[in-house]
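> Sequence plus the predicted model coming up.
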Amino acid sequence: MNDGTHDRPSDGATATIDPAARAPVEVAAPERAAAQSNGTDGRSSGKKPTLAIVSSYDEFCGIAAYTRHLERQLAEHFDVTVIPLDQRILRYETPRRIKLGNEHIARIAASLSKYDYANIQYEPGTLASIPELAYRRMRTLVKGAPSLSVTFHTFLTAGGIPAWPAFRDLCKLRFGAAFEHLAYYRRARSIGDRVFSLLKRESKKRPISFIVHTKREADRLELDFAFDNIFHHPLSFLTEDQIDDALRCQVADISAKLADLPRDTKLIGVFGFIGRYKGTLTAVRALRKLPDNYHLLVFGGLHPNSIRRENELDEYLEEVVNETLGRTQLPSSKPWQSSKVVKDLLYLHSDLSDRVHFMGAMSDREFVRGMAVCDSVVLPYIEVGQTSSGPISMAVELGKHVVASRTHTFRQFARYHKDRINFFEVGNHLELAERLLATRDRPIPDLTHDGHSNAEIYRRAHIGVTQAAAAR
C-alpha cells in the first residue's frame, strides 16, 4: 500500500518510538524504547500487554501513515511501541549501507523477544530494494519474534516459471518483455512464495497470525497455503476524534484562495502520490465535461523515488499539467510543420488551470481535513495489483461521496462497505463525469468496519490466538 500523500507527521504521535533505530552509524537498540516504556524490558507488568510494531514510520509513504493511525487504534488494548525501519539505510544498495541495514534488522529482531507480542507491517520495499535481501531481512525478523502477526501490504505469488510467455516474446524479438516475465517471477518468488514458505515452517513452532486487507487474500492464504489464524479487515485509519476534527474544518482552513470561490462551487478531490497508476489525467479530462462550478483539487506530490536529478518536470506530471492547460501531447514535430502549426495543434482544448488546484503534499491531519471539505472524492486508479488503498478508506470513514474506478482492489474493498462506492470503468472520463453529476438517491449506510473493529482484529490476532493455543 504505497499510495499515501502524507508528509512527516505534525499532529503528535502517541506511541513509544525507538529514536536510536534511525541512526545510520549507531543503528542500534530498539531495546531502549522498551526500557523507556516498560522498565527493564518490554514485558507487561500486570497492565496492558506490550506490542511492538515493526514498520516504516516517520516517512513519506502510505504504510507509515497507516502505522501512525494504527497505533492510536490499538492503544485501548496494548502498550504500543513502534520500531521504525530506517529507510535511509534499508533501501540503498551500497556495501556499507547493506551492512548497516543488516545490523539494524538484527538489532530489531533481538529486541522483539522482550515484548509480549510483535507485528510486522510487511511491505518488502521497506526492507530492501533487492528482493533477495528483503527476504533475508524478513526471515531475521520472523525468527526473532516469539509471538508474531504479519500484516501484508503486498501479496505476490509467483506461480509456475513463465517459460512460455518469455519464449513467445523472445521469438518476437521482444527482449524487454521476456525479461520482465522472468524478473517478475524472481521478485514474486523472493518476496512472496519464499516468505509464505518461511511463515509455514515457523508457524509449526508457535502460532503466527496473518492479517490481510481483503477477503480475496484471506482465501488465498487458506486455500493455497493452508494457514491458520487468518484475519481480514479493510484498511481503517481514523478515530472518532479525528473524524470530528476533520468535519469541523472549513474551506478557508485549507486554502484562502479556495475560500474566495462562489458558494455554489463543487470541490472534487483526488488523493495520493502523483503517478500514472493514480489516474489523475482521467480526473482532469472528466472535469472538462462538468459545469464550470466544479473544481478539481489534487492532494499529493511526487513520490520521493520519482524525483530525479536534473529533471525539471516529472514526465507524468507534465502530462497532467498539459491536459490542464488544454494542450494535446504531440509525439514529435514533423519537419514540414511550421512552429505556428505545431502551436495551433497544441491548444485544442479549453484551459482548466483556473479550476484545477494542486494542493501539494500534506501532513496526516491536513490530508484528512482536505478530504473533509471536498464534495466528492475521486479514486481514478488503474489496475496495478494493489491490495489496499488508504485514501478510499479515509473517504468512506468521513462519509464522503466516493467515486472510484472498478479495479480489483476497490471491488474487494466495496464488499466491506456496501452501497458506499460509486464505480466507473477504468480510464472512462465520460462515465466518471456522469457519476459526479448524479445525486445520491439513498442515505449513506452506517459503517460496519472502522477503527474499533480493526483494533479488535489485532486483539484477536494476538491475545485471542495466544489464549486459544494455551487452552489446547
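In hand now; what should we look at?
> C-alpha only now, for contacts and for neighbours.
Noted.
> I'd like the distance between Ser255 and Glu366.
Counting by CA to CA, to the nearest Å, the gap between Ser255 and Glu366 amounts to 11 Å.
> tell me the SS of His295?
strand (DSSP: H, G, I helix; E, B strand; the rest coil).
> Give the buried residues for stretch 248-264.
For stretch 248-264, a neighbour-count test (16 or more other CA atoms under 10 Å) marks Cys249, Val251, Ile254, Leu258 as buried.
> which residues are contacting that stretch?
Outside of stretch 248-264, the residues within contact range by CA atoms under 8 Å, 6 or more residues apart in numbering are Asn293, Glu366, Arg369, Gly370, Ala372, Val373.
> mind putting the buried residues of stretch 248-264 in TSV, distance to Lys205 and pLDDT included?
What follows is those, written out as TSV (distance: CA to CA, whole Å; pLDDT from 0 to 100):
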residue	distance to Lys205	pLDDT
Cys249	50	93
Val251	55	93
Ile254	52	90
Leu258	58	91
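> and the biggest helix by length in the chain, what does it pack onto?
In the chain, assigned by DSSP state H, the helix with the most residues is helix 95-111. When contacts are defined as 3 or more CA pairs under 8 Å, 6 or more residues apart in numbering; DSSP states H and E, helix 95-111 packs onto helix 87-90, helix 131-144.
> Which stretches in the stretch 201-350 of the chain count as strands?
For the stretch 201-350 of the chain, the strands defined by DSSP state E, counting those that start in this stretch occupy 208-212, 230-232, 266-271, 294-299.
> name the helices or strands packed onto the last one?
Using 3+ CA pairs under 8 Å, 6+ apart as the contact definition, the elements that strand 294-299 packs against are strand 266-271, helix 280-287, strand 356-360.
> For it, list the C-alpha coordinates in PDB.
Extracted in PDB, the C-alpha atoms of strand 294-299 (Å, rounded to 0.1, in the frame of the first residue of the first chain):
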ATOM      1  CA  TYR A 294     -16.900  22.100 -10.500                       C
ATOM      2  CA  HIS A 295     -13.200  22.400  -9.400                       C
ATOM      3  CA  LEU A 296     -10.600  19.700  -9.000                       C
ATOM      4  CA  LEU A 297      -8.200  19.600  -6.000                       C
ATOM      5  CA  VAL A 298      -5.100  17.500  -6.400                       C
ATOM      6  CA  PHE A 299      -3.800  16.500  -3.000                       C
END
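> okay, the angle between it and helix 280-287?
Using axes from the mean of the first three to the mean of the last three CA atoms, to 10 degrees, the inter-axis angle of strand 294-299 relative to helix 280-287 is 170 degrees.
> got the contact list for strand 294-299?
Here strand 294-299 has contacts from 5, 265-272, 283-284, 287, 355-362, 367, 370, using CA under 8 Å, 6+ apart.
> Likewise for the second one?
Contacts made with strand 230-232 from outside it, assessed by CA under 8 Å, 6+ apart, are listed as Ser209, Phe210, Ile211, Val212, His213, Thr214, Lys215, Ala218, Leu221, Glu222, Ile457, Ala461.
> do the first one as well
Counting by CA under 8 Å, 6+ apart, the neighbours of strand 208-212 from elsewhere in the structure are 147-153, 199, 202, 218, 228-234, 461-462, 465.
> go again using 10 Å as the cut-off
Contact with strand 208-212 is made by 119, 121, 142, 145-155, 199-200, 202-203, 217-218, 221, 227-235, 387-388, 457-458, 460-462, 465-466, as judged by CA atoms under 10 Å, 6 or more residues apart in numbering.
> from the chain's centre, how far out does stretch 238-250 sit?
Centroid separation between stretch 238-250 and its chain, computed with CA atoms, centre = their mean, to the nearest Å, is 21 Å.
> hey, C-alpha coordinates of stretch 414-430 in CSV?
The C-alpha trace of stretch 414-430 is given here as CSV (Å, rounded to 0.1, in the frame of the first residue of the first chain):
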residue,chain,number,x,y,z
ALA,A,414,-16.6,-2.4,-1.5
ARG,A,415,-17.5,-5.8,-0.2
TYR,A,416,-16.9,-4.5,3.3
HIS,A,417,-18.8,-1.2,2.6
LYS,A,418,-21.9,-2.0,0.6
ASP,A,419,-23.6,0.9,-1.2
ARG,A,420,-20.7,3.3,-0.3
ILE,A,421,-18.8,3.3,-3.6
ASN,A,422,-20.0,4.6,-7.0
PHE,A,423,-18.0,2.9,-9.7
PHE,A,424,-16.9,3.8,-13.2
GLU,A,425,-14.8,1.8,-15.7
VAL,A,426,-11.0,2.4,-15.5
GLY,A,427,-10.0,5.4,-17.6
ASN,A,428,-13.5,6.3,-18.8
HIS,A,429,-13.6,10.0,-18.0
LEU,A,430,-17.1,10.4,-19.6
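> Flag every buried residue along that stretch.
Applying a neighbour-count criterion of 16+ other CA under 10 Å, the buried positions in stretch 414-430 are Ala414, Tyr416, His417, Arg420, Ile421, Asn422, Phe423, Phe424, Val426, Gly427, His429, Leu430.
> okay, those in CSV with pLDDT next?
Shown next, in CSV, are the buried residues of stretch 414-430 (pLDDT from 0 to 100):
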residue, pLDDT
Ala414, 94
Tyr416, 94
His417, 93
Arg420, 90
Ile421, 93
Asn422, 94
Phe423, 96
Phe424, 96
Val426, 96
Gly427, 95
His429, 96
Leu430, 97
